[in-house]
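> Fold the following and give me the result.
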Amino acid sequence: MINGIGVSTGIAIGKAFILQKQANALTGVLLADDSLIDIEVEKFDTAVNKALIEVNILIDSYDEANGNEGLEILEAHIELLSDPQIKEDVTEKISAEKKNVNDAVIEVIAAAVAMFAGMDDEYMQARAADVHDIGRRILSNLNASGKSSAQTYSPDTIIIAEDLSPSDTISLDIKNVAGFATQMGGKTSHAAIVAKSRGIPAIVGCGVSLNKIKNGDLLILDGQTGDILINPDKETIFGYRLKRESWLVETALLKSQKDKPTVTTDGTTIQLFANIANANEMEQAHDFGAEGSGLLRTELLFMNRDSLPTEDQQFEFYKAVALKAKGKPVVIRTLDIGGDKQLPYFNIPAEQNPFLGYRAIRICLDRPELFSSQLRAILRASAFGKLKIMFPMIANVQEIRAAKVILNQAIDELSNTGISFDRAIETGIMIEIPSAAVTADLLAKEVDFFSIGTNDLCQYTLAVDRMNEKISHLYDPYNPGVLRLIDNVIKQAHKNNIEVGMCGELASDPNATLLLMGMGLTEFSMSATSIPHIKNIIINNHMNLAHQIYRQVMAMDNSTLIAAYLKEITT
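Down below sits the predicted model:
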């Protein structure tokens, strides 16, 4: 058996097809003279234009029944292909370094992919796949190597690949493709996102163990557990067919509960929100039963461009989200860049410890003109919906007070010009630094709400770089130290009568749901597709059980035992 990360639930039974791609290689050949520069640049322009035509054809033929995710990815590819920064970088390598166009494209795309892949935010890491995909398209047209999406498959095919690009996943013929598994990828990769939206059972992050599979092997792929069985016996196949039928019934039930209130069997109301990045994702979140957004990431608005967005551009972006929210709350996290999240036009010096460096609120307080522009845009958009402002990476009371000074200045500026905005707009902070979790009693007096970012809180508490493969196994949200910090934050929020939610990955972990409820958490924010499963757990349990689980876990001193106990209770 092979085990990976199950990212799209369901059972697939079929024959393996090993998908292999030809790698693009550097030639190392330099241009003989300057007269060839314009020719190489023209080759690039022609290849980009062909790539644009290909993506537009995919958009025109896209089946909206597959959801918005694939369409949004393709539209993002149009933006990337049209990005003047990519052409500028390629042209610079051709003219200044005398690179041929093939090598110039490979190096520029590799640098951009590395930038996104090195970011701490999993959502931003997944954008590396977009850049890699459009680079592959450009190179394919430069070298006339054809398109992998033309591949046809037999019924009940399970694709095995090192990785699948966004275009590959969007183009899959789900009439014949029963599922797929990849060596690379994570829960927020495009392959995972599109697989969920299209209902394709999928497993990613299997590593080199996937090489054990040969073309034509009979496979069982369990997208929930992440298990892949190779050439199983008839009895095992029969058992999994029954499991698949049961899963289909359960899926239909979960979808039918979209509009059902999220209330426990003993009457406690829990709110479920979605983590989003734009207005389209806000619209999609309603389909999964989201009651608003607990986290709007604003970084993408500042990335993939060659200059800062204007205040008006930001206003239109936030306004669009507010309108799509249809009166439901949206928590907007202010700019969270720096260190590992570089902007090409924003000169941030390289740092030895970027996760502990010049980033997020630290940049905003150091560059008040940048911060105030964003705050004014959010305030202006608040006239069109229930928006909230959230400051990231807060470590102490002084940072909150400094941020509020700039916010109040923005409020005064808008008031003096007669521009409408929500004068009662709420402000909150991310609790993701241990010092903030420990001093939650002090911070609670300064804000209207907390949102617990478990990804960074766990990383900082355990001194574990979760992106470092050598020590990523030490990243453990069930560590008693992490759980005690979360518990303290929730307790202090309640004691000071402010709202508290969670927008980190732990919020979407079914095994953690009842434990967090037992701690007193009543607001969860997660990927929209995770909401139905979490809702089903909540509406079929009561708070007495949640409190019992909480007491049991908080008395335990071993995270392995805690995880095992929670998994047993949930299943």
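> Outline the domain layout of this protein.
By the record's domain assignment, the chain is partitioned as 2-21+149-236, 34-144, 264-570 (automatic domain parsing).
> ends of the last one, how far apart?
Going back to what we said before, that points to domain 264-570. The first residue of domain 264-570 is 15 Å away from its last residue (C-alpha to C-alpha, to the nearest Å).
> Which element is encountered next along the chain beyond the top strand by length along the chain?
As far as residue count goes, and with DSSP state E defining each element, the longest strand of the chain is strand 11-19. Under the assignment DSSP states H and E, the closest C-terminal helix or strand after strand 11-19 is helix 37-60.
> circling back to that earlier point, so how far is the longest strand of the chain off the chain centroid?
Its chain's C-alpha centre lies 27 Å from the corresponding centre of strand 11-19 when counted by C-alpha atoms, centre = their mean, to the nearest Å.
> Pull out the CA atoms of it and give them to me as PDB.
Taking Å, rounded to 0.1, in the frame of the first residue of the first chain, the C-alpha atoms of strand 11-19 are listed here in PDB:
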ATOM      1  CA  ILE A  11     -13.200   6.000  -4.000                       C
ATOM      2  CA  ALA A  12     -11.700   5.300  -7.400                       C
ATOM      3  CA  ILE A  13     -11.200   1.800  -8.800                       C
ATOM      4  CA  GLY A  14      -9.400   1.500 -12.100                       C
ATOM      5  CA  LYS A  15      -6.200   0.900 -14.100                       C
ATOM      6  CA  ALA A  16      -3.100   3.000 -13.700                       C
ATOM      7  CA  PHE A  17      -1.900   5.300 -16.500                       C
ATOM      8  CA  ILE A  18       1.600   6.700 -15.900                       C
ATOM      9  CA  LEU A  19       1.700  10.200 -17.200                       C
END
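> Go ahead and name everything in contact with it.
Contacts made with strand 11-19 from outside it, assessed by C-beta atoms under 8 Å, 6 or more residues apart in numbering, are listed as 148, 151, 153-161, 164, 168, 178-179, 200-201, 213-223, 237, 240-241, 243-244, 247. C-beta: built from backbone N, CA, C; applies to glycine.
> Let me know which of the domains of the chain is the nearest to Thr251.
Between Thr251 and these, the shortest gap by C-beta to C-beta is with domain 2-21+149-236, which sits at 7.7 Å.
> where's the closest one relative to the chain centroid, distance-wise?
Counting by C-alpha atoms, centre = their mean, domain 2-21+149-236 comes out at 20 Å from the chain centroid.
> and it, average pLDDT?
For domain 2-21+149-236, the per-residue pLDDT values average out at 86.
> What separation is there between Ala195 and Lys187?
Distance, Ala195 to Lys187, by C-beta to C-beta, to the nearest Å: 11 Å.
> which neighbours do the two share?
Taking C-beta under 8 Å, 6+ apart as the criterion, Ala195 and Lys187 both touch Val7.
> on that earlier part again, which neighbours in the sheet does the longest strand of the chain have, and how are they oriented?
strand 157-161 (parallel), strand 218-222 (antiparallel) (DSSP bridges).
> Need the distance between the two termini of stretch 521-537.
Chord length of stretch 521-537, first to last residue, is 14 Å (C-alpha to C-alpha).
> same question, stretch 11-26
Stretch 11-26 has its terminal residues 41 Å apart, counting by C-alpha to C-alpha.
> Looking at Ala195 and Lys187, which one has more neighbours?
Ala195 (28 against 18; other C-beta atoms under 10 Å).
> pLDDT (mean, whole number) over stretch 499-516?
Within the predicted structure, the mean pLDDT of stretch 499-516 is 94.
> How far does it stretch from one end to the other?
For stretch 499-516, by C-alpha to C-alpha, the gap between its terminal residues amounts to 15 Å.
> Report the buried residues of that stretch.
By neighbour count on 16 or more other C-beta atoms under 10 Å, the buried set for stretch 499-516 is 499-509, 511-516.
> next one: stretch 206-225
For stretch 206-225, the neighbour count (16+ other C-beta under 10 Å) marks Cys206, Leu210, Ile213, Asp217, Leu219, Ile220, Leu221, Asp222, Gly223, Gln224 as buried.
> Then stretch 222-239?
By neighbour count with 16+ other C-beta under 10 Å, stretch 222-239 contains the buried residues Asp222, Gly223, Gln224, Gly226, Asp227, Ile228, Leu229, Pro232.
> check contacts around the fifth one.
By C-beta under 8 Å, 6+ apart, the contact set of Asp227 is Met1, Ile2, Asn3, Gly6, Ile203, Ile220, Leu221.
> What's the separation between the fourth one and Ala178?
For Gly6, the distance to Ala178 equals 15 Å [C-beta to C-beta].
> same deal with the second one?
According to C-beta to C-beta, Ile2 stands 17 Å off from Ala178.
> do the same with the last one
Using C-beta to C-beta, one gets 8 Å for the distance from Leu221 to Ala178.
> Now the common contact residues for the two.
Counting by C-beta under 8 Å, 6+ apart, the shared contacts of Leu221 and Ala178 are Ala12, Ile13, Ile158, Pro201.
> show me where the stretch 51-200 of the chain has helices.
Listed in chain order, the helices of the stretch 51-200 of the chain (DSSP state H, counting those that start in this stretch) span 69-81, 84-96, 101-117, 122-125, 128-143, 166-170, 190-198.
> just to revisit the earlier point, looking at the buried residues of stretch 499-516, which are in helices?
Thr513, Leu514, Leu515, Leu516 (DSSP state H).
> just curious, which of the residues you listed is nearest to Ala436?
Distance ranking of these against Ala436, using C-beta to C-beta, places Leu516 first at 18.2 Å.
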